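> The amino acid sequence is not available; the structure is as follows:
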């Protein structure tokens, strides 16, 4: 059961005012940067996008649109689509709005996953999981499907229900999601200083 990386970029980006996955922090569009990060750890990497992004995102990576049954319901739709499209695989499920996430963070996360875990996710100081910085085992797919069919579309509550392993990264800011133009300007400046430093 090989690991498949899913770079998730199908969100609405309403607060940003433009597609967050196409913002550039690291010399390339963020969806491409995240896919490149994941490809170092996964046997296959896929970009999960919405119908509008399908023709716009330029990439060598395979693209995956949510199945009709799971369309327009948020990240859980992308994960359910992945389980249905690629059965018997584990998934490294990563959002495109974490520009401070690096290779080392992913490596530490994957190495920390215990053998008996069915899911694991980064865990923040608000005592919440980051469902878009997470690993989901193949065997948890049917439980996710049941969770959705019961009317619950929250990956946060799903991770709680399955008692997912909590991963506390060395730096809290790797979990910082960039959602507004002000955030984007601040993080771009921070990265510029870091690279010049």
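All right, it came through fine. The structure displayed is predicted, hence computed values, not measured ones.

> Contacts only, for residue 125.
Neighbouring residues of residue 125 by C-beta atoms under 8 Å, 6 or more residues apart in numbering: residue 172. Where you see a C-beta, it was placed from the backbone N, CA and C, and this is true even at glycine.

> which regions of this structure sit below the pLDDT cut-off?
1, 10-13, 197 (pLDDT under 70).

> any chance you could map the helices in the chain?
30-39, 51-54, 75-85, 103-112, 141-149, 155-161, 181-196 (DSSP state H).

> Which strand runs longest in the chain?
Across the chain, the strand with the greatest residue count (assigned by DSSP state E) is strand 129-136.

> ok so, going back, what's the closest of the helices of the chain to residue 24?
Residue 24 lies closest to helix 30-39 among the helices of the chain, at 7.0 Å (C-beta to C-beta).

> relative to helix 103-112, how tilted is that closest one?
Calculated by axes from the mean of the first three to the mean of the last three C-alpha atoms, to 10 degrees, helix 30-39 forms an angle of 40 degrees with helix 103-112.

> Show me which residues of helix 30-39 are buried.
30, 31, 32, 33, 34, 35, 36, 37, 38 (16 or more other C-beta atoms under 10 Å).

> TSV please, covering those and showing distance to residue 149.
Converted to TSV, those look like this (distance: C-beta to C-beta, whole Å):
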residue	distance to residue 149
30	32
31	30
32	34
33	35
34	29
35	30
36	35
37	32
38	29
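
> from those, which two are the most distant?
Longest distance between any two of the buried residues of helix 30-39 is 12.5 Å, between 30 and 38; criterion C-beta to C-beta.

> ok now stretch 97-110, how far from the chain's centre?
Taking C-alpha atoms, centre = their mean, to the nearest Å, the mean C-alpha location of stretch 97-110 is offset from the chain mean by 11 Å.

> Show me the contact partners of it.
11, 20-21, 23, 25-26, 30, 34, 37-38, 40-41, 92, 94, 120, 122, 132-133, 135, 167, 169-171, 173-179, 187, 191.
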